[in-house]
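In: I'll drop the sequence and a predicted model, then ask my questions.
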Amino acid sequence: MAATLPKLFIIESLDVEDEAHHREGEIISSVLRMTGHEPIYRYVRTKAELSHFVKEFRRSRYRWLHLSVHGNHDLIALTLDRLNAEQFAAIVGPALADGRRLFLSTCKAATVELAAGIFRRGGCLSVAGPVNSIRFGDSAIFWATFYHLMLKQKGRRMLGTKVEKVIATMGAAVGRQFRLIKPDADGEAVERLLPEQLPKQAGKKKK
(Lines give C-alpha, C1' and ligand atoms only; values in the text may rest on other atoms or scores of the structure.)
Protein backbone atom coordinates (compact mmCIF):
# COMPACT_ATOMS: atom_id res chain seq x y z
CA MET A 1 0.00 0.00 0.00
CA ALA A 2 1.36 3.42 -0.98
CA ALA A 3 1.94 5.94 1.80
CA THR A 4 -0.89 8.30 2.65
CA LEU A 5 -0.68 12.03 1.99
CA PRO A 6 -0.88 14.58 4.85
CA LYS A 7 -4.04 16.20 3.48
CA LEU A 8 -7.67 16.61 4.52
CA PHE A 9 -10.74 15.15 2.80
CA ILE A 10 -14.05 16.75 3.88
CA ILE A 11 -17.52 15.20 3.50
CA GLU A 12 -20.56 17.22 4.55
CA SER A 13 -24.30 16.54 4.80
CA LEU A 14 -26.90 18.77 6.48
CA ASP A 15 -30.63 19.20 6.89
CA VAL A 16 -32.25 20.89 3.88
CA GLU A 17 -32.89 24.06 5.90
CA ASP A 18 -29.22 24.28 6.93
CA GLU A 19 -27.65 23.72 3.50
CA ALA A 20 -27.70 27.37 2.43
CA HIS A 21 -26.11 28.99 5.49
CA HIS A 22 -24.33 26.41 7.68
CA ARG A 23 -21.87 24.60 5.41
CA GLU A 24 -19.09 24.30 7.95
CA GLY A 25 -17.09 21.87 5.81
CA GLU A 26 -17.10 24.31 2.92
CA ILE A 27 -15.82 27.06 5.26
CA ILE A 28 -13.00 24.83 6.51
CA SER A 29 -12.05 23.97 2.93
CA SER A 30 -11.93 27.66 1.96
CA VAL A 31 -9.79 28.60 4.98
CA LEU A 32 -7.28 25.84 4.26
CA ARG A 33 -7.06 26.81 0.60
CA MET A 34 -6.29 30.37 1.66
CA THR A 35 -3.31 29.04 3.60
CA GLY A 36 -1.95 27.01 0.70
CA HIS A 37 -3.41 23.57 1.40
CA GLU A 38 -5.32 21.28 -0.95
CA PRO A 39 -8.37 19.87 0.85
CA ILE A 40 -10.99 17.93 -1.08
CA TYR A 41 -14.61 18.88 -0.29
CA ARG A 42 -17.66 16.79 -1.15
CA TYR A 43 -21.32 17.35 -0.26
CA VAL A 44 -23.62 14.32 0.04
CA ARG A 45 -27.32 13.77 0.70
CA THR A 46 -27.72 9.98 0.76
CA LYS A 47 -26.12 6.82 2.11
CA ALA A 48 -25.17 5.82 -1.44
CA GLU A 49 -23.39 9.14 -2.01
CA LEU A 50 -21.59 8.83 1.32
CA SER A 51 -20.34 5.38 0.37
CA HIS A 52 -19.21 6.65 -3.05
CA PHE A 53 -17.17 9.55 -1.68
CA VAL A 54 -15.71 7.53 1.20
CA LYS A 55 -14.30 5.23 -1.48
CA GLU A 56 -12.94 8.30 -3.28
CA PHE A 57 -11.27 9.33 -0.01
CA ARG A 58 -9.60 5.92 0.22
CA ARG A 59 -8.37 6.10 -3.39
CA SER A 60 -7.10 9.66 -2.92
CA ARG A 61 -4.62 8.46 -0.29
CA TYR A 62 -5.52 11.53 1.80
CA ARG A 63 -4.73 10.84 5.45
CA TRP A 64 -7.48 12.64 7.36
CA LEU A 65 -11.25 12.42 6.93
CA HIS A 66 -13.51 15.16 8.29
CA LEU A 67 -17.25 14.49 8.38
CA SER A 68 -19.61 17.41 9.04
CA VAL A 69 -23.09 16.00 9.68
CA HIS A 70 -25.94 16.13 12.15
CA GLY A 71 -26.04 13.32 14.65
CA ASN A 72 -26.87 11.95 18.06
CA HIS A 73 -26.04 8.89 20.12
CA ASP A 74 -26.07 5.92 17.70
CA LEU A 75 -27.22 8.13 14.82
CA ILE A 76 -25.59 9.79 11.83
CA ALA A 77 -28.08 11.95 9.94
CA LEU A 78 -27.55 12.73 6.26
CA THR A 79 -29.82 15.05 4.33
CA LEU A 80 -32.10 12.24 3.18
CA ASP A 81 -30.91 9.12 5.05
CA ARG A 82 -30.20 7.99 8.60
CA LEU A 83 -27.47 5.55 9.68
CA ASN A 84 -26.91 3.88 13.04
CA ALA A 85 -23.38 3.51 14.41
CA GLU A 86 -22.90 0.02 12.98
CA GLN A 87 -24.03 1.03 9.48
CA PHE A 88 -21.80 4.10 9.56
CA ALA A 89 -18.78 2.11 10.76
CA ALA A 90 -19.29 -0.45 7.99
CA ILE A 91 -19.04 2.30 5.35
CA VAL A 92 -16.29 4.43 6.86
CA GLY A 93 -14.16 1.97 8.83
CA PRO A 94 -12.45 0.12 5.95
CA ALA A 95 -11.41 3.43 4.33
CA LEU A 96 -9.57 4.51 7.49
CA ALA A 97 -6.90 1.82 7.31
CA ASP A 98 -3.20 2.62 7.02
CA GLY A 99 -3.00 5.00 9.98
CA ARG A 100 -5.72 7.45 9.04
CA ARG A 101 -7.74 9.60 11.45
CA LEU A 102 -11.45 10.47 11.54
CA PHE A 103 -12.72 13.83 12.77
CA LEU A 104 -16.48 14.02 13.38
CA SER A 105 -18.15 17.41 13.47
CA THR A 106 -21.48 16.17 14.75
CA CYS A 107 -23.29 16.50 18.05
CA LYS A 108 -23.00 13.55 20.44
CA ALA A 109 -22.24 10.91 17.78
CA ALA A 110 -18.50 10.57 18.48
CA THR A 111 -18.98 7.72 20.94
CA VAL A 112 -16.80 4.85 22.11
CA GLU A 113 -19.27 2.42 20.53
CA LEU A 114 -19.03 4.07 17.11
CA ALA A 115 -15.23 4.26 17.31
CA ALA A 116 -15.01 0.60 18.35
CA GLY A 117 -16.92 -0.39 15.21
CA ILE A 118 -14.53 1.65 13.09
CA PHE A 119 -11.42 0.24 14.77
CA ARG A 120 -12.64 -3.33 14.11
CA ARG A 121 -12.67 -2.63 10.38
CA GLY A 122 -9.23 -1.11 9.77
CA GLY A 123 -6.16 0.63 11.06
CA CYS A 124 -7.71 3.94 12.11
CA LEU A 125 -5.50 5.79 14.60
CA SER A 126 -8.20 7.88 16.29
CA VAL A 127 -11.73 9.26 16.19
CA ALA A 128 -12.47 12.73 17.58
CA GLY A 129 -15.59 14.85 17.95
CA PRO A 130 -17.61 16.99 20.37
CA VAL A 131 -19.13 15.29 23.40
CA ASN A 132 -22.37 17.30 23.37
CA SER A 133 -24.21 19.79 21.17
CA ILE A 134 -22.17 22.61 19.67
CA ARG A 135 -23.13 25.85 17.93
CA PHE A 136 -22.46 26.11 14.21
CA GLY A 137 -20.15 29.10 14.63
CA ASP A 138 -18.15 27.49 17.42
CA SER A 139 -17.81 24.30 15.41
CA ALA A 140 -16.56 26.08 12.29
CA ILE A 141 -14.06 28.15 14.30
CA PHE A 142 -12.84 25.11 16.24
CA TRP A 143 -12.20 22.90 13.23
CA ALA A 144 -10.76 25.56 10.91
CA THR A 145 -8.31 26.65 13.61
CA PHE A 146 -7.51 23.07 14.61
CA TYR A 147 -6.52 22.10 11.07
CA HIS A 148 -4.66 25.37 10.50
CA LEU A 149 -2.55 24.80 13.62
CA MET A 150 -1.94 21.12 12.88
CA LEU A 151 -0.98 21.67 9.23
CA LYS A 152 1.46 24.49 10.07
CA GLN A 153 3.78 21.88 11.54
CA LYS A 154 6.86 20.77 9.64
CA GLY A 155 6.01 17.66 7.70
CA ARG A 156 2.30 18.15 8.54
CA ARG A 157 2.31 15.25 10.99
CA MET A 158 -0.55 14.83 13.43
CA LEU A 159 1.30 13.40 16.40
CA GLY A 160 -0.99 12.15 19.15
CA THR A 161 0.32 14.49 21.84
CA LYS A 162 -0.02 17.51 19.57
CA VAL A 163 -3.57 16.51 18.58
CA GLU A 164 -4.55 16.25 22.24
CA LYS A 165 -2.99 19.60 23.12
CA VAL A 166 -4.66 21.50 20.28
CA ILE A 167 -8.06 19.87 20.85
CA ALA A 168 -7.89 20.76 24.55
CA THR A 169 -6.82 24.35 23.84
CA MET A 170 -9.42 24.97 21.14
CA GLY A 171 -12.14 23.17 23.09
CA ALA A 172 -11.56 25.53 25.99
CA ALA A 173 -11.60 28.49 23.59
CA VAL A 174 -15.06 27.65 22.21
CA GLY A 175 -16.40 26.35 25.52
CA ARG A 176 -17.00 22.77 24.42
CA GLN A 177 -15.56 19.43 25.43
CA PHE A 178 -14.30 16.96 22.84
CA ARG A 179 -13.87 13.20 22.93
CA LEU A 180 -10.67 11.68 21.51
CA ILE A 181 -10.90 7.90 21.12
CA LYS A 182 -7.96 5.64 20.29
CA PRO A 183 -7.46 1.86 20.20
CA ASP A 184 -5.34 0.42 23.00
CA ALA A 185 -2.81 -2.39 22.60
CA ASP A 186 -5.65 -4.93 22.45
CA GLY A 187 -7.61 -2.92 19.91
CA GLU A 188 -10.23 -1.76 22.44
CA ALA A 189 -11.57 1.78 22.10
CA VAL A 190 -10.38 4.07 24.90
CA GLU A 191 -11.60 7.65 25.28
CA ARG A 192 -10.09 10.83 26.65
CA LEU A 193 -12.16 13.96 27.27
CA LEU A 194 -10.47 17.23 26.29
CA PRO A 195 -10.39 19.59 28.14
CA GLU A 196 -11.63 18.14 31.43
CA GLN A 197 -14.06 20.87 32.57
CA LEU A 198 -15.91 23.68 30.81
CA PRO A 199 -18.45 26.37 31.72
CA LYS A 200 -21.92 26.07 30.19
CA GLN A 201 -22.73 28.18 27.14
CA ALA A 202 -26.00 28.88 25.37
CA GLY A 203 -26.80 29.54 21.74
CA LYS A 204 -27.88 27.99 18.45
CA LYS A 205 -26.77 24.39 18.32
CA LYS A 206 -26.50 21.67 15.74
CA LYS A 207 -29.37 19.24 16.08
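Out: Looks like it arrived, so ask away.
In: give the contact list for residue 44.
Out: Residue 44 is in contact with 11, 12, 13, 50, 52, 53, 78, 79, counting by Cβ atoms under 8 Å, 6 or more residues apart in numbering. Where you see a C-beta, it was placed from the backbone N, CA and C, and this is true even at glycine.
In: in strands, which of the residues you listed fall?
Out: Mapping these onto strands (DSSP state E) picks out 11, 12, 13.
In: any idea which of those has the most stuff around it?
Out: Among the ones in strands among the contacts of residue 44, residue 13 has the most neighbours (other Cβ atoms under 10 Å), with 27 neighbours.
In: which residues touch that residue?
Out: By Cβ under 8 Å, 6+ apart, the residues touching residue 13 are 43, 44, 45, 50, 68, 69, 70, 77, 78, 79.
In: out of these, who's nearest residue 97?
Out: Distance ranking of the contacts of residue 13 against residue 97, using Cβ to Cβ, places residue 50 first at 17.7 Å.
In: residues in contact with the closest one?
Out: Taking Cβ under 8 Å, 6+ apart as the criterion, residue 50 is in contact with 11, 13, 44, 78, 81, 83, 91.
In: surely the last one and residue 54 touch.
Out: Yes: the criterion here is Cβ atoms under 8 Å, and residue 91 meets it with residue 54 at 5.7 Å.
In: more neighbours: which of these two?
Out: The neighbour comparison of residue 91 against residue 54 (other Cβ under 10 Å) goes to residue 54, with 22 against 17.
In: so what's the more buried one up against?
Out: Residues near residue 54 by Cβ under 8 Å, 6+ apart: 11, 65, 91, 92, 95.
In: can you tell me which of those end up in helices?
Out: Members of the contacts of residue 54 lying in helices (criterion: DSSP state H): 91, 92.
In: hang on, the earlier thing: are any of the contacts of residue 13 buried, and if so which?
Out: Buried members of these, scored by 16 or more other Cβ atoms under 10 Å, are 43, 44, 50, 68, 69, 70, 77, 78, 79.
In: where does the spatially closest residue to residue 96 that is not a sequence neighbour sit, in terms of helix or strand?
Out: In space, and not counting its chain neighbours, residue 96 is closest to residue 124: 3.8 Å by Cβ to Cβ, 6 or more residues apart in numbering. Here residue 124, judged by DSSP states H and E, is contained in no helix and no strand.
In: still on that earlier bit, which one of the contacts of residue 54 is nearest to residue 145?
Out: residue 65 (18.6 Å).
In: what distance do you get for that closest one to residue 58?
Out: Look at residue 65 and residue 58: by Cβ to Cβ, to the nearest Å, they are 9 Å apart.
In: looking at those two, which is more packed in?
Out: Shown here are residue 65 and residue 58; by other Cβ under 10 Å, residue 65 has more neighbours (24 against 20).
In: longest strand anywhere in the chain?
Out: Longest strand in the chain, counting by DSSP E: strand 62-72.
In: no more questions from me, cheers.
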